[in-house]
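1. what would the 3D arrangement of this be:
(2 chains)
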Amino acid sequence: MSLLVVGVNHRTAPIEIREKICFGKADARQALRDLRESGAASEAVMLSTCNRTEIYVVDRDDESIAPVRDLLSSRLGEDVSAYTYVHRDRDAVRHLYSVSSGIDSMILGEAQIHGQVRDAWEDSREESGAALNRLFQSSLLVGSRVREETGIGRGAASVSSAAVQLSKKIFGSLSGRRAMVLGAGDVAAIALECLRKEGVRVAIVANRTYERAQALAVEHQAVAMHYDECWTNLHSVDILLCSTASPRTIVEIGHVAPALEARGDRPLCILDIALPRDVEANVGELDNVFLYDLDDLKAAAAANLERRSEDVPAAEKIVGSEVDKYWQWLSGLAAVPVVTEFRAHMDRLRADELASALRKIGGLNEQQAEGIEHFSRALMNKFLHEPSVRLKSAAANGRGLGVIDVARYLFAMDGETKKEKDGEG
Amino acid sequence: MMVIAQFAAITFYIAAAGLAAMPFARRVKAPVKAVILVLAGGVLSHGIGLVSLALESGSGSLTGLGPALSFAGFVLAVALLLVEVFAREVSLTLIAAPLAALVTIAGNITGLHPFLDPQGTQAFWLVSHIVLSFVGMAAYATAAAAGTMYLIARHELKSARFGAIYRFFPPLDTLDRVNHVASVAGFLGLTTGLALAGAYSITYHKIVVPQLVWGLGAWVCIGALALGRLLRGWQARRAAIVSTLTFASVMAVYIVFRVVAFNRGQFL
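-> Alright, predicted model coming up:
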């Protein structure tokens, strides 16, 4: 038994390739079913996100790489080999644990992947089995442990979350705070969504064209207005989010200063995520104005990412110890059928030899024959006791797979397996 | 017993500040529960020390300079503990706990000997005045500490610097609220403390001019802060500046008065 992962990710393939290989839920299930039915894998799980498509399989004979690559190639429409990576056994386990912990993510420590790993496992449940179920279950626990015990997931790592974090540093809780947004484009909508999740109330949407402002305002139950009208309402909001496509600044000191007077000493947070900037730089010099442009937000996110990267060694240490635990379990799992098979093999030999001996001796009554059979069983059990115990013990100590291979070889069980397979056709 | 308890309290205060400073040395969150527990240990030890002092010296035990300073440290630590328990925010410990330790150390160096030995109603009156005045001053110190932290954090945020202060200081709004509550509490404490002092002075014909000047000066300062906040809507930067500057001035005047004071064994 061997674990294998074949995949492409943001490091090995550009987005044009990744988006072609990406699988939907139904397609993934069908692909995994085909893979199992073809005999290429006994268990399979697919993790497919915008940054990676990975297929985890359990195979018996180390021959699953080609079918899995073929599967990805057929999805891409060309040979995928140049973009793929392959990890086996412990490395495969380590890889999944790194993925679920966010160590392998494009944005280091991002939390979304944890849920995606869980979804991938649940969606592939029908094609999964004991080894992969345990692997994915443990990977979720490892991901949680890494996030709890290290700082790899701390701090905002994207511009939108950095904007939220900065606002929180000024206002504490954002619940009930009021926001005005200038511009009604997609970027504004995304940033607003982040603020809204924190409880910010979008009060005013202002835009050059009233209709576009109206569309976004309806979505957030806000008031739509034109730029010219919004300045008189600036005093009533705590956060001003600027994201217009204007080629020149539209928020000037003359707009903000009167609003500040009306606000008393209450701070005003201005998030200028437009490029070119919407807000005059000298607005930031006003008392109680906290002005952040795109560069500031990126710097805040970068500072967090830098700090996250310092926690990678601690995260990898946790991953390493958990890989050992899983591997120990898997080795134990692999030992059970071998021990069973080993004893069955020996019992067949014993029965054959006993029958032959009884034929040669001849003339034994039932009681005597039973006595000899009992003796043969007792002798076999004595002989097999120590090897069985040691095989299980080696498995429990994490050395099971190597010892199992030796046992299979010594007692010709590998040959038997091969023959049985050939016989099944 | 009294000295051991005071020493233990100082150790606890310094340990609490050390724990609160952990995020600056290693990238870990400040252990809120541990800081609160250690600080509570300090308050408990300090309380035991002050009770021992009262038992040894009689009811007027807070009247000397040493006991008064030690009591000031105790009240500051209690105020800090309350803020931490309710706000679950321990960064204020960075400033207030060393201040409490410093004041307690000063009290112990000066010597824990009572200056006066009033009895009966006079003693109760005097001790009530001292307790309430120090509650007011401790709250004032808390407001000033929050104000100072506000100004530091604000500077970092305005300059878009995202270092340790950005990460581990509480939000500006939290610091502003601590400043607000502490300045109002300080004003109430100092007002009652001074009212009792005035009544005591008139009743027993004991007026100490430096005390009167300094006490009234401190009361005017915290009064301006509290009333500015309540009536004029001062908050944020303005309140932080006023609390920091006025408290620093009050402390500076105290030091000047101490240098030229006639009653060397007394608080002033």
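2. spell out which residues of chain B are next to chain A.
-> Applying Cβ under 8 Å from any Cβ of the partner chain, we find that chain B lies next to chain A at B:27-28, B:153, B:157-158, B:160, B:162-163, B:166-167, B:170-174, B:233-239. For every residue, glycine as well, the C-beta is placed using N, CA and C.
3. my read: A:A206 touches A:C230, true?
-> Yes. Shown here, A:A206 and A:C230 form a contact pair, counting by Cβ atoms under 8 Å, at 3.9 Å.
4. identify the contacts common to these two.
-> Shared contacts of A:A206 and A:C230, defined by Cβ atoms under 8 Å, 6 or more residues apart in numbering or on different chains, are found at A:M180, A:L182.
5. same drill for the two, tell me which one is more crowded.
-> The residue with more neighbours, out of A:A206 and A:C230, is A:A206; 29 against 23, by other Cβ atoms under 10 Å in any protein chain shown.
6. distance between whichever strand or helix holds A:I404 and the chain's centre?
-> Element membership for A:I404, per DSSP states H and E: helix A:400-410. A distance of 33 Å separates the centroid of the chain from that of helix A:400-410, by Cα atoms, centre = their mean, to the nearest Å.
7. CA atoms only: put that helix into PDB for me.
-> Output in PDB follows, covering the C-alpha atoms of helix A:400-410 (Å, rounded to 0.1, in the frame of the first residue of the first chain):
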ATOM      1  CA  GLY A 400       5.900  -1.400   9.700                       C
ATOM      2  CA  LEU A 401       6.000  -0.800   6.000                       C
ATOM      3  CA  GLY A 402       9.600  -1.900   5.600                       C
ATOM      4  CA  VAL A 403       9.200  -5.000   7.800                       C
ATOM      5  CA  ILE A 404       6.000  -5.900   6.000                       C
ATOM      6  CA  ASP A 405       7.700  -5.800   2.700                       C
ATOM      7  CA  VAL A 406      10.500  -8.100   4.000                       C
ATOM      8  CA  ALA A 407       7.900 -10.500   5.400                       C
ATOM      9  CA  ARG A 408       6.000 -10.600   2.200                       C
ATOM     10  CA  TYR A 409       9.200 -11.300   0.300                       C
ATOM     11  CA  LEU A 410      10.500 -14.000   2.800                       C
END
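8. now which of the residues of chain B next to chain A would you call buried?
-> Buried members of those, counted by 16 or more other Cβ atoms under 10 Å in any protein chain shown: B:27, B:153, B:157-158, B:160, B:162, B:166-167, B:170-174, B:234-239.
9. now intersect these with the strands, please.
-> If you go by DSSP state E, those have nothing in strands.
10. check contacts around the spatially closest residue to A:L330 that is not a sequence neighbour.
-> Counting by Cβ to Cβ, 6 or more residues apart in numbering or on different chains, A:L330 lies nearest to A:A131, which is 6.1 Å off, once chain neighbours are set aside. Taking Cβ under 8 Å, 6+ apart, we find A:A131 in contact with A:M1, A:L3, A:E43, A:V58, A:L330, A:L333.
11. and for the fifth one, the neighbour number?
-> Using other Cβ under 10 Å as the criterion, A:L330 is surrounded by 24 other residues.
12. Three-state assignment for the spatially most distant residue from the centre of chain A, please.
-> Centroid-distance maximum for chain A: A:G363 at 69.9 Å, with Cα atoms, centre = their mean. Here A:G363 takes the coil state, with states given by DSSP: H, G, I helix; E, B strand; the rest coil.
13. tell me how far it lies from chain B.
-> 84 Å (Cβ to the nearest Cβ, to the nearest Å).
14. now the buried members of the contacts of A:A131.
-> Buried by 16+ other Cβ under 10 Å: A:M1, A:L3, A:E43, A:V58, A:L330, out of the contacts of A:A131.
15. just checking, the first one touches A:E43?
-> No. Using Cβ under 8 Å as the test, A:M1 is too far from A:E43 to be in contact (9.6 Å).
16. now for these two: what residues contact both?
-> Shared contacts of A:M1 and A:E43 (Cβ under 8 Å, 6+ apart): A:V58, A:A131.
17. below-threshold pLDDT in the chain: ranges please.
-> Since you didn't name a chain, this refers to chain A. Counting by pLDDT under 70, chain A shows low-confidence ranges at A:60-62, A:395-402, A:414-425.
18. switch to chain B, please.
-> Within chain B, the ranges that satisfy pLDDT under 70 run B:26-29, B:58-63, B:114-122, B:261-268.
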